[in-house]
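Colleague: With the input below, show me the fold.
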Amino acid sequence: MFALWGQVSLAQMLTVNTVTRPPFSMVENGVDTGFSIELVEAMADRLGWNYEINRTETFAEMLEGVRNGTVDMAAANISITAARETEMDFSQPVFESGLQIMVHAEDVRAPSLWRAMLSWDLAIAIGLAFLLLFGGGMLMWTFERRAQPYFDRPLKEAWFPSFWWALNLVVNGGFEERVPRTPIGRLFGVLLVISSLFVVSVFVAKITTAMTVEAITGKVNSVNDLYGQRVGTIEGSTASGFLQRRDIDFYGYPGLEELIEAFEGRKIDAVVFDAPVLNYYVTHEGEAHGRTIGSAFLRENYGLLFPQGSEHTEEANRALLALQEDGTYDQLYKRWFGGSR
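Modeller: As a prediction, the model looks like this:
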């Protein structure tokens with residue numbers, strides 16, 4: 001039987017296991033599609049492979065078909081791990097990913113400058129700053145009212161000019177033509193300037209703190225907040241392994257559909273799973289239900305999976321490199337995830 005290099009016989013049909021994991025693998029209008037599926041299609045076109053898609057019910061079932069050699073390969077969001085590599089062969093990495101946390105939309109509140117400005121901590125800081133400026137200005141009036149013409153006015157008329165003088169001293173460095181003239185006034189003026197540095201620093205710090213507290217209002221904002229919460233993920237996934245290593249209790253679900261159903265039914269408070277899968281769900285289906293928080297963590301690579309010792313692994317690697325070099329891979333990436341990798 002004659003075959004070109006890198007091709008299999010037209011009579012041979014490769015079976016590709018997959019599982020529904022948008023945007024990597026899914027069915028739209030009765031057609032198998034997704035980033036991983038289209039990548040397999042492009043690779044098969046280059047190699048002259050004929051293939052058929054076998055969509056399994058669970059991720060574990062997809063892997064088992066490759067492990068026992070009943071299928072030729074698997075494609076979805078398959079993380080490259082040492083444990084899987086001991087039993088099967090991975091292609092070179094085809095996608096860089098990571099884990100992310102998704103919480104209920106109503107548990108996330110966008111930061112508001114107005115709400116931050118109305119916080120008690122910031123109100124106290126502003127009040128103390130006003131008292132310091134008012135008190136400093138009135139003390140300067142006491143020291144300078146007989147020496148500096150600016151302060152030569154009765155008490156009932158002096159309170160605002162004195163406060164204004166102290167405010168300008170803090171903000172602008174004072175009035176050049178209204179410098180203190182008495183020794184004690186000059187000494188107090190220097191002390192007021194030095195203390196103003198601390199006043200400004202504390203004021204800025206309070207604003208920053210208030211905005212930070214306002215921005216972090218949900219009960220889950222990071223991995224450390226998952227303890228004591230009802231956390232869900234897919235059993236057997238790299239996310240479940242991560243949660244186990246961190247001693248975080250979680251509910252394991254057999255598939256993505258069951259996980260999302262539990263989340264939308266508020267049976268769990270947060271989901272930890274692959275970042276691109278969660279972001280695709282939020283963007284395309286679940287904007288009213290969920291929000292992803294923070295950035296991706298536990299960086300990992302996805303690959304195509306082959307039975308151990310498969311003759312197709314090296315062929316696939318050469319084809320994947322060619323797809324990256326001719327721009328096909330970048331086109332697929334942009335189509336499904338936007339931008340560039």
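Colleague: show me where the stretch 51-200 of the chain has helices.
Modeller: Along the stretch 51-200 of the chain, the segments classed as helices by DSSP state H, counting those that start in this stretch run 59-67, 82-85, 113-117, 120-144, 155-172, 183-215.
Colleague: out of those helices, which comes closest to residue 13?
Modeller: When the helices of the stretch 51-200 of the chain are compared by CB to CB, helix 59-67 sits nearest residue 13, at 14.8 Å. C-beta: built from backbone N, CA, C; applies to glycine.
Colleague: Tell me which stretches of the stretch 201-341 of the chain form strands.
Modeller: For the stretch 201-341 of the chain, strands defined by DSSP state E, counting those that start in this stretch occupy the ranges 231-234, 251-253, 270-274, 290-302, 305-307.
Colleague: most neighbours per residue, which of those strands?
Modeller: Comparing the strands of the stretch 201-341 of the chain by mean neighbour count (mean count of other CB atoms under 10 Å), strand 270-274 ranks first with a mean of 26.
Colleague: How far off centre is it?
Modeller: Put simply, strand 270-274 sits 12 Å off its chain's centre (CA atoms, centre = their mean, to the nearest Å).
Colleague: Note down every partner strand of that strand and its orientation.
Modeller: The pairing partners recorded for strand 270-274 under DSSP bridges are strand 95-104 (antiparallel), strand 231-234 (parallel).
Colleague: got a list of contacts for that strand?
Modeller: Residues from elsewhere that reach strand 270-274, judged by CB atoms under 8 Å, 6 or more residues apart in numbering: 21, 77, 79, 97-103, 220, 226, 229-234, 237-239, 242-243, 250, 256, 259, 263, 278, 290.
Colleague: Please pick the buried ones from those.
Modeller: Neighbour-count burial (16 or more other CB atoms under 10 Å) is assigned, among those, to 21, 77, 79, 97-103, 220, 226, 229, 231-234, 237-239, 242-243, 250, 256, 259, 263, 278, 290.
Colleague: how about low-confidence regions in the stretch 101-250 of the chain?
Modeller: Applying pLDDT under 70 to the stretch 101-250 of the chain picks out residues 109-119, 121-122, 173-177, 196, 199-200, 202-203, 206-219.
Colleague: re the thing from before, JSON lines please, covering the strands paired with strand 270-274 and showing distance to residue 29.
Modeller: Shown next, in JSON lines, are the strands paired with strand 270-274 (distance: least, CB to CB, whole Å):
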{"stretch": "strand 95-104", "distance to residue 29": "24"}
{"stretch": "strand 231-234", "distance to residue 29": "26"}
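Colleague: Residue 305 is nearest to which of those strands?
Modeller: Nearest to residue 305, of all the strands paired with strand 270-274, is strand 95-104, at 13.0 Å by CB to CB.
Colleague: so how far is the closest one off the chain centroid?
Modeller: 8 Å.
Colleague: Next: stretch 48-58.
Modeller: Put simply, stretch 48-58 sits 33 Å off its chain's centre (CA atoms, centre = their mean).
Colleague: I'd like the mean pLDDT over it, please.
Modeller: For stretch 48-58, the mean pLDDT works out to 95.
Colleague: swap in stretch 69-89?
Modeller: Mean per-residue pLDDT for stretch 69-89: 96.
Colleague: Now do the buried residues in that stretch.
Modeller: Buried-residue list, stretch 69-89, by 16+ other CB under 10 Å: 71-80, 84, 88-89.
Colleague: of all those residues, which comes closest to residue 333?
Modeller: residue 77 (14.0 Å).
Colleague: contacting residues around that closest one?
Modeller: Contacts of residue 77 (CB under 8 Å, 6+ apart): 21, 24, 25, 36, 95, 97, 274, 276, 277, 302.
Colleague: still on that earlier bit, out of the buried residues of stretch 69-89, list just those in strands.
Modeller: Under the assignment DSSP state E, the buried residues of stretch 69-89 contribute 73, 74, 88, 89 to strands.
Colleague: Most widely separated two among these?
Modeller: 74 and 89 (11.0 Å).
Colleague: what's the overlap in contacts for these two?
Modeller: Contacts common to residue 74 and residue 89, judged by CB under 8 Å, 6+ apart, are residue 305.
Colleague: Tell me the one of the ones in strands among the buried residues of stretch 69-89 nearest residue 329?
Modeller: residue 73 (17.5 Å).
Colleague: Tell me if I'm right that the closest one and residue 36 touch.
Modeller: No: using CB atoms under 8 Å, residue 73 makes no contact with residue 36, being 10.8 Å away.
Colleague: which neighbours do the two share?
Modeller: The contact sets of residue 73 and residue 36 overlap at residue 304 (CB under 8 Å, 6+ apart).
Colleague: can you pull the contacts of residue 306?
Modeller: 66, 72, 73, 88, 89, 90, 91, 312, 313, 316.
Colleague: What is the most widely separated pair among the residues you listed?
Modeller: 72 and 90 (14.2 Å).
Colleague: got the CA coordinates for stretch 279-294 in PDB?
Modeller: Extracted in PDB, the C-alpha atoms of stretch 279-294 (Å, rounded to 0.1, in the frame of the first residue of the first chain):
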ATOM      1  CA  ASN A 279     -14.800  33.400  30.600                       C
ATOM      2  CA  TYR A 280     -16.600  32.000  27.500                       C
ATOM      3  CA  TYR A 281     -19.600  31.000  29.600                       C
ATOM      4  CA  VAL A 282     -19.800  34.400  31.200                       C
ATOM      5  CA  THR A 283     -19.400  36.200  27.900                       C
ATOM      6  CA  HIS A 284     -21.800  34.100  25.800                       C
ATOM      7  CA  GLU A 285     -24.300  32.600  28.200                       C
ATOM      8  CA  GLY A 286     -24.000  33.400  31.900                       C
ATOM      9  CA  GLU A 287     -23.400  37.200  32.100                       C
ATOM     10  CA  ALA A 288     -26.600  37.400  34.300                       C
ATOM     11  CA  HIS A 289     -25.400  34.600  36.500                       C
ATOM     12  CA  GLY A 290     -21.600  34.800  37.000                       C
ATOM     13  CA  ARG A 291     -18.500  36.900  37.000                       C
ATOM     14  CA  THR A 292     -14.900  35.800  36.900                       C
ATOM     15  CA  ILE A 293     -12.700  37.500  39.400                       C
ATOM     16  CA  GLY A 294      -8.900  38.100  39.500                       C
END
